[in-house]
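S.K.: Generate a structure from the sequence data that follows.
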Amino acid sequence: IAVHKWFARRPGTLFRGLVLSEFTNKPLSEAFFSSNSFPLKTIADPFMGGGTPLIEANRVGCDVLGFDINPMSTWIVREEIEHLDLFAYEKISRTLISALDKEIGGFYRTNCPHYGDDNVPVKYFLWVKVVRCEKCGKDIDLFPGYLLAQDTRHPLNVVVCSRCGDLNEREDLHSLGKCTSCDEPLKLEGPAKRNRCICPQCYHINVYPRPEEGPPRHRLFALEYHNSRARTVHTGRFFKKPDAEDLARFSAAEQRWQALEPTFVPDQVILAGDETDRLHRWGYKRYRELFNDRQLLGLELSCRLVSACTNERVRHALATNLSDLLRYQNMLCRYDSMALKSLDIFSVHGYPVGLVQCESNMIGIINGSGTPVGSGGWKNIIKKYAKAKKYCDMPFETSQKNGRKMILPIKGEWIGEQQNGGSKRTVVIKCISSTRAEIPEQSLDAVFTDPPYFGNVQYAELMDFCYVWLKRLVGKEADGFNKESTRSQ
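M.R.: Alright, predicted model coming up:
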């Protein structure tokens with residue numbers, strides 16, 4: 001699951017139970033938590049999707065054969081199963097992060113107004129969509145509401161002033177009072193509701209979205225940042241209204257991007273579809289329009305670093321990381337005002353175009369104890385991926401004892417086409433329809449699958465978001481990546 005986003009995965013425990021029930025003579029309750037091996041069995045999955053049945057069969061020593069019409073499925077399942085030299089991967093990934101940080105790290109910094117610290121890392125940049133009033137021509141912020149953060153994971157509620165944009169912390173949402181900076185009465189309800197917005201200048205009722213005007217514009221209105229030095233004396237999170245230096249940093253990133261000749265940023269048109277038509281209604285026509293200039297700069301430079309990696313297996317792993325990183329590095333992510341975190345583009349299985357968007361730090365932040373701070377950066381994705389591949393070498397199950405969760409290592413089982421030191425298994429993953437697959441008679445011992453939606457259309461529409469990038473980066477090295485879209489047959 002942690003290797004790359006896929007949709008509607010069934011629990012691995014389900015398919016482990018099914019495989020063991022089919023091939024072992026032991027009671028399932030006994031076999032489930034012990035080591036198993038069926039090296040002479042061959043298992044197929046004709047609609048493999050995220051690959052859970054194949055992974056569980058491979059883990060207990062079976063040879064596996066998987067098919068899917070979606071090239072992203074083929075790539076992801078192969079990445080999940082293929083053995084990875086973790087030492088080489090972690091060494092090269094550290095080099096990549098260091099090089100990227102030197103190039104763009106300064107664009108993800110801010111100054112702390114609370115304690116006077118300079119150059120502390122930003123976790124999240126918060127943007128609001130903007131439209132021009134049809135009558136007076138003034139810009140209108142499309143705030144659905146002015147509550148930035150609730151008092152669930154922060155001591156107080158944080159409310160944005162509708163006039164000056166300053167952030168005000170309040171204990172009681174029923175008694176907001178006035179802005180401490182401009183004396184404007186604070187309010188929770190914003191001007192944007194049900195595709196209508198009242199202009200605060202001339203009171204004209206404007207309609208949005210306006211696809212004829214192209215992709216929507218955004219304005220940076222708040223930051224959440226991390227100050228490790230002040231954490232011991234500060235209660236809660238660190239929020240601020242962007243200052244002139246913050247705006248200048250983004251402007252510098254814009255200029256850097258505009259001076260760059262991109263090699264890897266895709267220019268593909270967003271095809272029509274049930275999900276993608278939501279994007280069309282907001283004026284998005286190409287996938288690259290779903291990102292701001294700072295994100296495009298960071299992603300282009302990341303692709304260049306990945307493509308320069310000479311270790312093919314590690315290069316593919318890093319390409320997978322970049323594809324998964326895209327979920328957080330776009331202008332469709334939302335900010336959860338209660339959990340105070342970024343909601344990635346696929347937190348719902350669709351393309352949710354909100355009015356307030358969240359941009360994550362592309363480098364990522366790791367605190368002193370080695371734990372990621374925030375989400376959506378390279379450091380977060382690499383740590384998650386490395387943990388997943390370590391699990392492949394040393395899988396485990398969980399159990400409950402006296403109300404406590406227990407980790408039970410299953411020694412002797414492993415996931416991959418080979419093991420450190422020698423042992424090999426047959427793993428065949430193909431991007432074709434299983435109806436056209438050539439499978440010798442009497443060659444399969446079992447078929448385990450989780451049948452997909454007809455034609456896999458919805459997942460294909462969503463996975464195109466990643467596919468158009470991955471195709472530019474590793475297209476010639478990937479099965480099925482000659483298609484314009486993952487929806488192509």
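
S.K.: What's the first helix or strand after the longest strand seen in the chain?
M.R.: Looking across the chain with DSSP state E, the single longest strand is strand 120-132. Per DSSP states H and E, the first helix or strand lying C-terminal to strand 120-132 is strand 139-141.

S.K.: Need the contact partners of that following strand.
M.R.: Residues from elsewhere that reach strand 139-141 (CB atoms under 8 Å, 6 or more residues apart in numbering): 128-133, 190-191, 197, 199-200, 206, 219, 221. Every C-beta, even on glycine, is put in place using the N, C-alpha and C of the backbone.

S.K.: and Phe250, what element?
M.R.: Secondary structure assignment for Phe250, by DSSP H and E: helix 244-258.

S.K.: Mind listing what's buried along the longest strand of the chain?
M.R.: Buried residues in strand 120-132, counted by 16 or more other CB atoms under 10 Å: Val120, Pro121, Val122, Lys123, Tyr124, Phe125, Leu126, Trp127, Val128, Lys129, Val130, Val131.

S.K.: can you put the residues you listed in CSV and add pLDDT?
M.R.: Output for the buried residues of strand 120-132, formatted as CSV (pLDDT from 0 to 100):
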residue, pLDDT
Val120, 97
Pro121, 98
Val122, 98
Lys123, 98
Tyr124, 98
Phe125, 98
Leu126, 98
Trp127, 98
Val128, 98
Lys129, 98
Val130, 98
Val131, 97
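
S.K.: and which of those residues is nearest Glu359?
M.R.: For the buried residues of strand 120-132, the minimum distance to Glu359 (CB to CB) is 4.1 Å, reached by Phe125.

S.K.: related to what we said a few turns ago, let's have the contacts of strand 139-141 in JSON lines, adding distance to Ser399.
M.R.: Listed next are these as JSON lines, based on distance: CB to CB, whole Å:
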{"residue": "Val128", "distance to Ser399": "47"}
{"residue": "Lys129", "distance to Ser399": "48"}
{"residue": "Val130", "distance to Ser399": "53"}
{"residue": "Val131", "distance to Ser399": "55"}
{"residue": "Arg132", "distance to Ser399": "59"}
{"residue": "Cys133", "distance to Ser399": "61"}
{"residue": "Gly190", "distance to Ser399": "48"}
{"residue": "Pro191", "distance to Ser399": "53"}
{"residue": "Cys197", "distance to Ser399": "54"}
{"residue": "Cys199", "distance to Ser399": "60"}
{"residue": "Pro200", "distance to Ser399": "58"}
{"residue": "Asn206", "distance to Ser399": "58"}
{"residue": "Arg219", "distance to Ser399": "51"}
{"residue": "Phe221", "distance to Ser399": "47"}
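
S.K.: Could you pick out the one among these with the lowest pLDDT?
M.R.: pLDDT across the contacts of strand 139-141 is at its lowest for Pro200, which sits at 92.

S.K.: Who's the closest spatial neighbour of that residue, skipping the chain neighbours?
M.R.: Distances taken as CB to CB, 6 or more residues apart in numbering place Pro191 nearest to Pro200, at 6.5 Å, with adjacent residues excluded.
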